[in-house]
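Chemist: Just a sequence and a predicted model for now, questions to come.
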Amino acid sequence: MRLVEPGDIVFSFANTIIGHVGVAEGSAIPHPKPLYAKDSNWGAMGWLVPVAFEPLSRAFRPRDYIDVIGPLLPRVGVTPLLKDGRGTMNYLSAISDELGESLLAIGGPIDIASRYYSTGLDAELQEIADDSTVSETEKRQLLKARVGQGIFRKKVAAREPCCRVTGVTDLSLLRASHIKPWRLSTNEERLDGSNGLMLSPHIDLLFDQHLISFGEDGSLLTSPKLDSIVLSQWSITEAYRPRPFAINQEKYLQIHRNLTLGRINLPTG
């Protein structure tokens, strides 16, 4: 539950049927045990994830499609379904993007992409959802990439296993931040793992606003617009064990570096 982030897709599986799909509107928050579970052995306090659900075009029983679903079920760890299609007692299970795509395909046509905009994340999400030239699959990938999740996050994490400033390695505490600004990137660049860094939240804020950047050798660079007292208050002195960037990363960093140091400006409008 605590790994869920805004924009994650959630399937509802009840009474042997997957009948609804929704988009998480926020992260998990502490919440008292619901009334419907008053007789369960759950603790008095748990976690609540706000999700906006809507019915699938075709509700279905997973066991009727186990030949398609079975090979995509997790081979290790927690699984939501058994090999015969029956559900397990897990309350919430992570599944792969491939399995999610298959469930959406079985459930019939549904514009799940447009649900992202209802989370109030960014007006740019609506532009993606309304783009008729982009397939529904790519829309979902782009929408999740906009909030640092999904395939983009996995690609970035594979290249950047820790925050380059704080050294934090716990990926659940890091954000996947685009290097080349989203508005300046093509759809291909928006999903390119080389166009991202895993950063601690406060470092991501400075990086996103072009108040800090990185040199070719991985050293920390600061914008003339950044008040030095901020670095002092956040105990930021230099990059954690600076290391050079790959060539594919450097082409994006050149743009970010120039924006940070005032060599070029973002277009307005």
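Modeler: The structure has been received and is ready for your questions.
Chemist: for this protein, which spans come out with low pLDDT?
Modeler: Judged by pLDDT under 70, the chain has its weakly predicted residues at 109-125, 147-149, 264-269.
Chemist: Does anything pack onto the lengthiest strand in it? Which helices or strands?
Modeler: Among all segments of the chain classified by DSSP state E, the strand with the greatest residue count is strand 51-60. Applying 3 or more C-beta pairs under 8 Å, 6 or more residues apart in numbering; DSSP states H and E, one finds that strand 51-60 contacts strand 9-14, strand 17-24, helix 115-118. (Each C-beta comes from the backbone N, C-alpha and C, glycine too.)
Chemist: As a markdown table, these with distance to Ile229 and mean neighbour count would be great.
Modeler: Putting those into a markdown table (distance: least, C-beta to C-beta, whole Å; neighbours: other C-beta atoms under 10 Å) gives the following:
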| stretch | distance to Ile229 | mean neighbour count |
| --- | --- | --- |
| strand 9-14 | 42 | 17 |
| strand 17-24 | 36 | 19 |
| helix 115-118 | 37 | 20 |
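Chemist: Export those as CSV, with columns for distance to Arg241.
Modeler: As requested, the helices and strands packed on strand 51-60 are exported to CSV (distance: least, C-beta to C-beta, whole Å):
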stretch, distance to Arg241
strand 9-14, 36
strand 17-24, 34
helix 115-118, 36
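Chemist: Nearest to Arg2 among those would be which one?
Modeler: Ranking the helices and strands packed on strand 51-60 by their distance to Arg2 (criterion: C-beta to C-beta) puts strand 17-24 first, at 12.1 Å.
Chemist: so what strands line up beside that closest one?
Modeler: strand 9-14 (antiparallel), strand 51-60 (antiparallel) (DSSP bridges).
Chemist: And these: which comes nearest Gly196?
Modeler: strand 9-14 (20.7 Å).
Chemist: Give me the residues contacting that closest one.
Modeler: Contacts of strand 9-14 from elsewhere in the structure, counted by C-beta atoms under 8 Å, 6 or more residues apart in numbering, are 4, 18-24, 49, 51, 53, 62, 80, 87, 92, 95, 100, 103, 112, 140.
Chemist: repeat that for 10 Å
Modeler: Taking C-beta atoms under 10 Å, 6 or more residues apart in numbering as the criterion, the residues outside strand 9-14 that touch it are 4, 18-24, 49, 51-53, 55-56, 59, 61-62, 80-81, 87-88, 90, 92-93, 95, 97, 99-101, 103-104, 107, 112, 115-116, 140, 143-144, 150.
Chemist: can I get the CA coordinates of it in PDB?
Modeler: Output in PDB follows, covering the C-alpha atoms of strand 9-14 (Å, rounded to 0.1, in the frame of the first residue of the first chain):
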ATOM      1  CA  ILE A   9      -3.500   1.900 -12.200                       C
ATOM      2  CA  VAL A  10      -5.500  -0.300  -9.700                       C
ATOM      3  CA  PHE A  11      -7.700  -3.200 -10.600                       C
ATOM      4  CA  SER A  12     -10.600  -4.300  -8.400                       C
ATOM      5  CA  PHE A  13     -10.900  -8.100  -8.000                       C
ATOM      6  CA  ALA A  14     -14.000  -9.200  -6.000                       C
END
